[in-house]
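>>> any chance you can model this:
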Amino acid sequence: MATPLTADRLLKALRDEGLDVHEYRDWRTHHRNAKGPWGPVNGVMIHHTVTQGTASSVELCYEGHSSLPGPLCHGVIDKSGAVHLVGNGRANHAGLGDGDVLKAVVNESALPRDNEADTDGNRHFYGFECVNLGDGEDPWPEAQKLAIEKVSAAICRAHGWTERSVIGHLEWQPGKVDPRGFSMDTMRGRIAKRLGAKPDGPAPQPPAGYEPFPGADFFRTGRESKIITAMGKRLVAEGCGRYEEGPGPEWTEADRTSYAAWQRKLGYSGDDADGVPGRTSWDKLRVPNV
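Model prediction:
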């Protein structure tokens, strides 16, 4: 049982664990606190999104939908292992679950089988959605599983919890299957091992002389920046330019199409080559400082 971490403390804990963390829009003040209490917090809950693609998954988890308003979690973990923070406070992720499971999490004891939905989980759990279709076939890259391990360990460290404070949605609410594709017992074993060592420390920054990744939300229609011009010139240099004119400082469809060509050149496909820059592809593009 603990007071929820502030936005600054959560961000620091995640980065100190060596995670690549992105702050999405106004996540620090985005919550559902008006609809119910937030805290005391008792654990971390892991989910899968049933979606593909980073940008669309992050936007969905921030906005929610007509029947379930966002935020739908506190952070989204993409397949590259990057963490995208979308909420700070009560979030619509856990729903009603088994009170006996909550007692076990509080006591950090063996989990009983979830067979009731009588307790508000949104009040008590940090929630992290992981980009995966949840069909048992969509792969879980090691980078993504490592990020799940690190996210969980970071929050447990901050609160003085053990790995027993981390559960999957399927262990909380009857009928849920997420996260599907790996064992929560195995993941808790990984978290326990990590908690037995010192955190990795902040992730390395891009080399001096290159523009740091400004975040996926930076690349929106109407955005004007010298960074976009510099990016476009690098795309042309890499043989990925799809411009009839330019590139120029305003983000346009030509920029998106050109960046999608760069993503495909790096081996991405489908929604992961949607033309919206991500941290890994951006760092590899080496956009000069402007």
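
>>> identify the residues contacting whichever strand or helix holds R256?
Using DSSP states H and E, R256 falls within helix 253-265. For helix 253-265, the surrounding residues in contact (C-beta atoms under 8 Å, 6 or more residues apart in numbering) are 219, 228, 231-232, 235-236, 238-244, 246-247, 272-277, 281, 285. (Glycine included, C-beta is placed from N, CA and C.)

>>> distance from the chain centre to it, please.
Taking C-alpha atoms, centre = their mean, to the nearest Å, the mean C-alpha location of helix 253-265 is offset from the chain mean by 23 Å.

>>> pLDDT of it, averaged?
Helix 253-265 shows a mean pLDDT of 96.

>>> ditto for stretch 180-199
pLDDT averaged over stretch 180-199 gives 97.

>>> endpoint to endpoint, it covers what distance?
Terminal residues of stretch 180-199 are spaced 27 Å apart (C-alpha to C-alpha, to the nearest Å).

>>> circling back: give me the subset of the contacts of helix 253-265 lying in helices.
Mapping the contacts of helix 253-265 onto helices (DSSP state H) picks out 228, 231-232, 235-236, 281, 285.

>>> now list the buried members of these.
228, 231-232, 235, 281, 285 (16 or more other C-beta atoms under 10 Å).

>>> mind putting these into CSV with pLDDT?
As requested, these are exported to CSV (pLDDT from 0 to 100):
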residue, pLDDT
I228, 97
M231, 97
G232, 97
L235, 97
S281, 93
L285, 95
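
>>> between those, which is closest to W161?
S281 (34.8 Å; C-beta to C-beta).

>>> roughly how far apart are that closest one and F213?
S281 is 9 Å from F213, where distance means C-beta to C-beta, to the nearest Å.

>>> and what of P69?
Relative to F213, and taking C-beta to C-beta, P69 is found at 29 Å.

>>> more neighbours: which of the two?
More neighbours surround F213 than the other of P69 and F213, with 20 against 12 (other C-beta atoms under 10 Å).

>>> residues contacting that one?
22, 206, 277-279, 282-283 are the contacts of F213 under C-beta under 8 Å, 6+ apart.

>>> filter the residues you listed to the buried ones?
Here, 16+ other C-beta under 10 Å leaves 22, 277-279, 282-283 buried among these.

>>> out of those, list just those in strands.
H22 (DSSP state E).

>>> between the buried ones among the contacts of F213, which is nearest P141?
G278 (13.6 Å).

>>> quick check: chain neighbours aside, which residue is closest to the closest one?
T54 (5.8 Å; C-beta to C-beta, 6 or more residues apart in numbering).

>>> next, count neighbours for the one you found.
T54: 24 neighbours (other C-beta under 10 Å).

>>> could you do A34 as well?
Neighbour number of A34 under other C-beta under 10 Å is 7.
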